[in-house]
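Q: Quick one, what's the 3D model for this:
(one chain, ligands or ions: 2)
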Amino acid sequence: MAQVAISNVAKAFGTVKVLHDVSVDIADGQFVVLVGPSGCGKSTLLRMVAGLETVSGGTIAIGDRVVNHLPPAKRDIAMVFQNYALYPHKTVEQNMAFALKLRKTDPAVVAERVKRAADILDLNPYLKRYPRQLSGGQRQRVAMGRAIVRNPHVFLFDEPLSNLDAKLRVQMRTEIKELHQRLKTTTIYVTHDQIEAMTMADKIVVMRDGRIEQVGAPLELFDRPANLFVAGFIGSPS
Ligand code: ADP
Ligand code: MG
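A: Ligands and ions are numbered 1, 2, ... in the order given. Next up is the predicted model:
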C-alpha cells in the first residue's frame, strides 16, 4: 500500500502546456477519481503517475519515493486501460500470468496469484478461453486480473468502463468498488462520467483545461461547488 503525492506537476508537449501546477494528495487506501471533460489532461496525469509520460515540472511521489525518473516497472503500480490491451493469442490464464513470468516469478507463486485473482473476479470458468471468446465485461475482468496478480501498491484506471454498455457499466462500477473494499489498494480512477465519479470516489478531483477546479468528497462537491463549472459538471440541484 502507498500514498501518492502529486505536487505542482506540469506537463508540456513541445510548446503546448497541457497541465499547469497540479497538486493532489492521495491517502493510503483511498479511491480517488479524476473527472473532467475530454481533453482536460486526465490521461496525461495518470500516465505520468504510471511513468508512461515524463514530468515537465513538479514531483510525483509514491510511498516515500519520488518516482519522476523511475521506469514504470519500478513504481509498484498496475494500470487498467479502456481498451483492455489483452494479448489475443494468450488464454485468460496466460494473460494474467504474463507480467509475472516476465519478471521471472516463481511458477508456484504465479499459479497461486492467478488462482486468487480468478477467485476474486469469478474468472475460473474462463481460464482456458481466449479474449475473443469473452464478453466485454469478462475482458475487463481479465484486465483487472492482470493488474491484481502483480500485487501493486497503486491501481491506475483510465476510463476502464467506457467501452461497455450502460447496464454492464453500472454492474462493473459495483465490482470495482467491491474489489477496492476487499484489497484496499490505493486507486486513481479516471473518467469523464460524473455519475461514475459520484458513486465510486472517496475523493473527487475535478479538472478543466489542465487545471484542478476543485477537490472534495462527492457530497461536498455536490453541496458546495467552488464555481459554476463544477456545479454544472457535477450537476447541482436546480
Ligand atoms: P483526457 O484524458 O482528459 O481526455 P489527455 O490527457 O488525453 O486528456 O489530453 C490532454 C491534452 O494533451 C489534449 O489537448 C491532448 O490533445 C494533448 N495530448 C495528449 N497526449 C499528447 C501527445 N502525446 N502529444 C501532444 N499532445 C498530447
Ligand atoms: Mg483520456
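Q: Quick check: bridge partners of the residue most central in space within the chain?
A: The centre of the chain sits closest to Phe157, judged by C-alpha atoms, centre = their mean, with a distance of 1.8 Å. Beta bridges link Phe157 to Val80, Tyr189, judged by DSSP bridges.
Q: Let me know the pLDDT of it.
A: On pLDDT, Phe157 comes in at 96.
Q: Enumerate every residue touching it.
A: Contacts for Phe157 (C-beta atoms under 8 Å, 6 or more residues apart in numbering) come out as 79-80, 176, 187-190. All C-beta atoms are positioned from the backbone trio N, CA, C, and that covers glycine.
Q: Please, where are all the strands along this protein?
A: 4-13, 16-26, 31-35, 57-62, 65-66, 77-80, 154-158, 186-191, 203-208, 211-216 (DSSP state E).
Q: Need the winner for burial among these.
A: Burial among the strands of the chain, expressed as mean neighbours by mean count of other C-beta atoms under 10 Å, is greatest for strand 186-191, which shows a mean of 26.
Q: Quick one: mean pLDDT for it?
A: 97.
Q: what's the angle from that strand to strand 57-62?
A: 130 degrees (axes from the mean of the first three to the mean of the last three C-alpha atoms, to 10 degrees).
Q: how about the residues of this structure that lie near ligand 1?
A: 13, 18, 36, 38-44 (C-beta under 6 Å from any ligand atom).
Q: Take those and keep only those in helices.
A: 42-44 (DSSP state H).
Q: Which of those residues has the largest number of neighbours?
A: Neighbour counts for these (other C-beta atoms under 10 Å) peak at Lys42, which has 25 neighbours.
Q: wait, doesn't it sit right on Val32?
A: No. The criterion here is C-beta atoms under 8 Å, and Lys42 misses it with Val32 at 11.7 Å.
Q: The strands of the chain: which one's closest to Val142?
A: Val142 lies closest, by C-beta to C-beta, to one member of those: strand 77-80, at 10.1 Å.
Q: CA-only coordinates of the closest one in PDB, if you can.
A: These are the backbone C-alpha positions of strand 77-80, laid out as PDB (Å, rounded to 0.1, in the frame of the first residue of the first chain):
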ATOM      1  CA  ILE A  77       1.700   0.400  -9.900                       C
ATOM      2  CA  ALA A  78      -0.600  -1.500 -12.200                       C
ATOM      3  CA  MET A  79      -2.700   0.200 -14.900                       C
ATOM      4  CA  VAL A  80      -6.000  -0.900 -16.400                       C
END
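Q: which other helices and strands contact it?
A: In terms of contacts (3 or more C-beta pairs under 8 Å, 6 or more residues apart in numbering; DSSP states H and E), strand 77-80 is packed against helix 42-50, helix 136-148, strand 154-158.
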